[in-house]
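Q: I would like to see how this sequence folds:
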Amino acid sequence: MREAVEAERQLKGWRRAKKAALIRGDWELLPELSKSYTPLSILRRTQDDILVGED
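A: A predicted model of the protein is given here:
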């Protein structure tokens with residue numbers, strides 16, 4: 001039972017497209033859909049960039 005709950009929690013965080021590919025059995029598409037959804041440029045912003053405009 002514990003394994004089922006853990007699997008459900010993992011799937012809950014997936015985007016709709018990845019869940020749909022899993023349901024369809026489109027195994028080749030899963031690695032592509034697993035890549036980060038957030039553009040790296042946003043993640044690489046420095047603290048100075050974030051604080052611009054604050055007093």
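
Q: report the buried residues of stretch 10-29.
A: By neighbour count, and taking 16 or more other C-beta atoms under 10 Å as the criterion, the buried residues in stretch 10-29 are K18, A21. In this view, the C-beta of every residue, glycine as well, is placed from N, C-alpha and C.

Q: what's the end-to-end length of that stretch?
A: Counting by C-alpha to C-alpha, to the nearest Å, you get 18 Å between the two ends of stretch 10-29.

Q: do stretch 21-35 as well
A: 14 Å.

Q: residues contacting it, please?
A: Stretch 21-35 is contacted by residues L11, W14, R15, A17, K18 when judged by C-beta atoms under 8 Å, 6 or more residues apart in numbering.

Q: go again using 6 Å as the cut-off
A: Stretch 21-35 is contacted from outside by A17, K18, using C-beta atoms under 6 Å, 6 or more residues apart in numbering.

Q: low-confidence stretches in this protein?
A: Where the chain drops to pLDDT under 70, the residues are 36-55.

Q: how many residues are close by A4?
A: Other residues lying near A4 total 8 when counted by other C-beta atoms under 10 Å.

Q: state the helix or strand in which it lies.
A: When elements are defined using DSSP states H and E, A4 is found to belong to helix 2-12.

Q: what's the angle from the next helix or strand after that helix to helix 2-12?
A: Proceeding N to C from helix 2-12, the next assigned helix or strand is helix 16-24, under DSSP H and E. Angle, helix 16-24 to helix 2-12, by axes from the mean of the first three to the mean of the last three C-alpha atoms, to 10 degrees: 130 degrees.
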